[in-house]
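Trainee: This is a predicted model, with the sequence first.
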Amino acid sequence: MTPEADSAEAFLEAAPAAVGNSGTPALRLGAYEGPLDLLLELARAQRVDLAQISVATLAEQFEAVVAAAIERRAVPLPRLADWLIMAAWLTLLRSRLLLPAAAAESVEAEREAAGLRRRLADREWTSRLADWLERRPQLGRQVFARGEAEPYALTTVGAPPPADTAELLRACLRLLVLPHRDRVYRPRPPALWRVPDALERMRELLPTVGEGADLAAFLPPLSEARASSRLQRRAALATTLMAGLELSRDGVAHLDQMQAFGTITICAERLRVGPGTQRQNPNG
């Protein structure tokens, strides 16, 4: 048995410990002993002599580590794929030393190596982008969009036809050309008891009330419909009170209220009876 076979057999027996602390296979290639990722970094930086490394030994040890990892099911598949890419890179760098510098095969190998580097860079960026998207809040899970309008339902059989836009515009035009007076809103005020009417009624009734009468005696006679309306009754009472205040200001009538919120009495000023005064005779 050759020395290479003996080393491969020994490595296969120590396969459970062939994964280093960095999570990559730990290789023993004569000129180098250590993890695969470190060997690849040193080779890229040209700090290790790849000419002293046997490609066959690299392939045997790598195969042994991968087989042991698959058998134990201790390494996930994405990590195994990363191992394979590292081994392929290392093999590619080692194979370049076997070709002449000016040969056409060397130029083609360089071109393929550049393409491989681009693919690996694209794969790394894709992996980073996938991780970034995975960490972002997912629509419909962590965040929710605004409600959207219901889709327009197509006209079914028997449904009314869609509106005619031209007819709608013609109707709007007919409304716009109407005279201004027809477009002015004029509210119709309710028929309430007015102050001039209350003044005229109080002047008629004041000579007949004697020494005084309740304010309600001067209210106008309301119809049954108007008397049942609270607005009509309150408007008539307020209007009569305002008319009485107008007559009191003019010296025609006298208003009196004995207590707060009590009954208001009205009498003619010339018939007023008070301290130090005498009732005047209406007939002179």
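Mentor: Cool, the structure landed.

Trainee: which stretches of this structure aren't confidently modelled?
Mentor: 1-22, 98-106, 148-162, 178-184, 224-227, 270-284 (pLDDT under 70).

Trainee: Which parts of it are helices?
Mentor: Assigned by DSSP state H, the helices in the chain fall at 3-13, 36-44, 55-72, 77-96, 104-135, 165-176, 195-205, 224-227, 230-249.

Trainee: Out of those, the one nearest Leu215 is which?
Mentor: helix 230-249 (6.1 Å; C-beta to C-beta). In this view, the C-beta of every residue, glycine as well, is placed from N, C-alpha and C.

Trainee: got a list of contacts for the closest one?
Mentor: With contacts defined as C-beta atoms under 8 Å, 6 or more residues apart in numbering, helix 230-249 is touched by 190, 192-195, 197-199, 201-203, 206, 215-216, 218-220, 222, 226-227, 253-255, 264, 266, 269.

Trainee: Using JSON lines, please lay out the helices of the chain together with distance to Thr24 and mean neighbour count.
Mentor: Listed next are these as JSON lines, based on distance: least, C-beta to C-beta, whole Å; neighbours: other C-beta atoms under 10 Å:
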{"stretch": "helix 3-13", "distance to Thr24": "15", "mean neighbour count": "13"}
{"stretch": "helix 36-44", "distance to Thr24": "4", "mean neighbour count": "18"}
{"stretch": "helix 55-72", "distance to Thr24": "9", "mean neighbour count": "16"}
{"stretch": "helix 77-96", "distance to Thr24": "6", "mean neighbour count": "15"}
{"stretch": "helix 104-135", "distance to Thr24": "16", "mean neighbour count": "11"}
{"stretch": "helix 165-176", "distance to Thr24": "71", "mean neighbour count": "9"}
{"stretch": "helix 195-205", "distance to Thr24": "105", "mean neighbour count": "16"}
{"stretch": "helix 224-227", "distance to Thr24": "102", "mean neighbour count": "11"}
{"stretch": "helix 230-249", "distance to Thr24": "95", "mean neighbour count": "16"}
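
Trainee: Compile these into TSV and extend it with columns for distance to Gln142.
Mentor: Shown next, in TSV, are the helices of the chain (distance: least, C-beta to C-beta, whole Å):
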stretch	distance to Gln142
helix 3-13	48
helix 36-44	35
helix 55-72	36
helix 77-96	25
helix 104-135	11
helix 165-176	44
helix 195-205	71
helix 224-227	67
helix 230-249	60
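
Trainee: Now for Trp125: which residues touch it?
Mentor: With C-beta under 8 Å, 6+ apart, Trp125 has no contacts at all.

Trainee: Please identify which of the helices of the chain is closest to Phe144.
Mentor: Of these, nearest to Phe144 by C-beta to C-beta is helix 104-135, at 18.1 Å.

Trainee: now that closest one: how far from the chain's centre is it?
Mentor: Centre-to-centre, helix 104-135 and its host chain are 40 Å apart (C-alpha atoms, centre = their mean, to the nearest Å).

Trainee: go on, stretch 197-216?
Mentor: 69 Å.

Trainee: Any idea how far apart the tips of that stretch sit?
Mentor: Stretch 197-216 has an end-to-end distance of 15 Å (C-alpha to C-alpha, to the nearest Å).

Trainee: now swap in stretch 254-267 and tell me
Mentor: Terminal-residue distance, stretch 254-267 (C-alpha to C-alpha): 5 Å.

Trainee: How far away from the center of its chain is that stretch?
Mentor: On C-alpha atoms, centre = their mean, the centre of stretch 254-267 falls 65 Å from the chain's centre.

Trainee: domain assignment for this structure?
Mentor: Split into domains by automatic domain parsing, the chain comes to 3-98, 195-271.

Trainee: Leu29 is nearest to which of the helices of the chain?
Mentor: Across those, closest to Leu29 is helix 55-72 (C-beta to C-beta), at 5.7 Å.

Trainee: returning to what we had before: which among the helices of the chain is found nearest to Arg141?
Mentor: Taking these one by one with C-beta to C-beta, helix 104-135 is closest: 11.9 Å.
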